[in-house]
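Asks: Only the shape, not the letters, is given here:
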């Protein structure tokens, strides 16, 4: 049974296989947001349509995500194979039963033939007994005729008395013999009628059994032919199933090789991303240190700017005071010159 079942694979291998092989059943806007679950749901819907044909009605999404033995497509194909083998076994059992019934019919027919032969032998014995009795009767008649001749030779009175006695004896003997013969004949007639009736019944049963035997032989031939056809068909199906299994295993091995290659590339990319992230962390640390230095420098520059601005303000005030003093001095000088 295990030779005609498919192996159980992991959920990642099934998803990567059906992502390229099985078309998506639902048109969804922005499918990139549903890429992780859409392949699984598509496979689940297709298997929900396929497994009831194989008489598997308790299939759930958990059986696809966490596959178990005797579940999924392997269970369906195993169910189909089990049904075909059970039908062949039922056909073989029916053929065995028919052979057993045929052997029983052969033995019963032989037994009936033996009984018919025994009854025919008994009828022949009865006929021989009747022939012996008729022979004895003829002997008695001959003896009576001889006695009559002897009586004719003696005196007439004695002959008459002897004749009367002999006639009476003959009558009694004749009556007893006739009575016995009639009884035997009646019993033999009844027995022969019974034998003939039984023989007719047996011949009718024999003919009926022969017809049944012919029908059973024809049915047996048909069943053997159908069994040979089914076995041939089963062998062809097993060969096709084995070819499909080999193709599937080869394809799965190719998919697993691609998966391992992609996984290796993914690990390399993950290592590169880790290196880039470490470099970015270092750059961030350098930028932070530069920001700290820059903030300190800006603070110093701000302090210098503040001191410089205060000194400039003081210098501007001094210049203003000097210009004012110069203007006053010029005014005084111009006034003195005018005088």
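Replies: Noted; the coordinates are in hand. Note that this is a predicted model, so its numbers are computed, not measured. Numbers count the residues shown, from 1 in each chain.
Asks: so where's the stretch 201-339 of the chain shaky on pLDDT?
Replies: 339 (pLDDT under 70).
Asks: 90 - rerun?
Replies: 201-228, 230-235, 237, 255-259, 263, 266, 291, 293-295, 297-339 (pLDDT under 90).
Asks: Any figure for the gap between residue 169 and residue 139?
Replies: To residue 139, residue 169 is 16 Å away according to Cβ to Cβ, to the nearest Å. (C-beta placed from N, C-alpha, C; glycine too.)
Asks: Looking at those two, which one has more neighbours?
Replies: Counted by other Cβ atoms under 10 Å, residue 169 and residue 139 do not tie: residue 169 has more neighbours, with 13 against 10.
Asks: State the helix or strand in which residue 128 lies.
Replies: Applying DSSP states H and E as the criterion places residue 128 in helix 73-153.
Asks: same deal with residue 201?
Replies: Assigned by DSSP H and E, residue 201 belongs to helix 156-338.
Asks: Next, the angle helix 73-153 makes with that helix.
Replies: 180 degrees (axes from the mean of the first three to the mean of the last three Cα atoms, to 10 degrees).
Asks: just checking, what packs against helix 156-338?
Replies: helix 11-21, helix 73-153 (3 or more Cβ pairs under 8 Å, 6 or more residues apart in numbering; DSSP states H and E).
Asks: and those helices, which one is worst for confidence?
Replies: Of all those, mean pLDDT reaches its minimum on helix 11-21 (a mean of 60).
Asks: Now the phi/psi pair for residue 57, please.
Replies: Note on residue 57: its backbone torsions stand at phi -110, psi 0 [degrees, to the nearest 10].
Asks: same deal with the one 3 residues further on?
Replies: For residue 60, the backbone dihedrals (degrees, to the nearest 10) come out as phi -130, psi 170.
Asks: contacting residues around it?
Replies: Residues near residue 60 by Cβ atoms under 8 Å, 6 or more residues apart in numbering: none.
Asks: any idea how far it lies from residue 53?
Replies: For residue 60 relative to residue 53 (Cβ to Cβ), the value is 17 Å.
Asks: what's the pLDDT at residue 167?
Replies: The model's pLDDT for residue 167 equals 77.
Asks: Now do it: how many residues are near it, please.
Replies: By other Cβ under 10 Å, 12 other residues sit near residue 167.
Asks: now the one 3 residues further on
Replies: By the criterion of other Cβ under 10 Å, residue 170 has 17 neighbours.
Asks: how close does the nearest residue to it once chain neighbours are set aside get to residue 175?
Replies: With sequence-adjacent residues excluded and distances taken as Cβ to Cβ, 6 or more residues apart in numbering, residue 170 is closest to residue 144, at 5.9 Å. Distance of residue 144 to residue 175, computed by Cβ to Cβ: 14 Å.
Asks: So the two - more neighbours on which side?
Replies: Higher neighbour count among residue 144 and residue 175: residue 144, with 15 against 10, using other Cβ under 10 Å.
Asks: wouldn't the more buried one be in contact with residue 166 here?
Replies: Yes. Between residue 144 and residue 166 there is a contact at 7.3 Å, judged by Cβ atoms under 8 Å.
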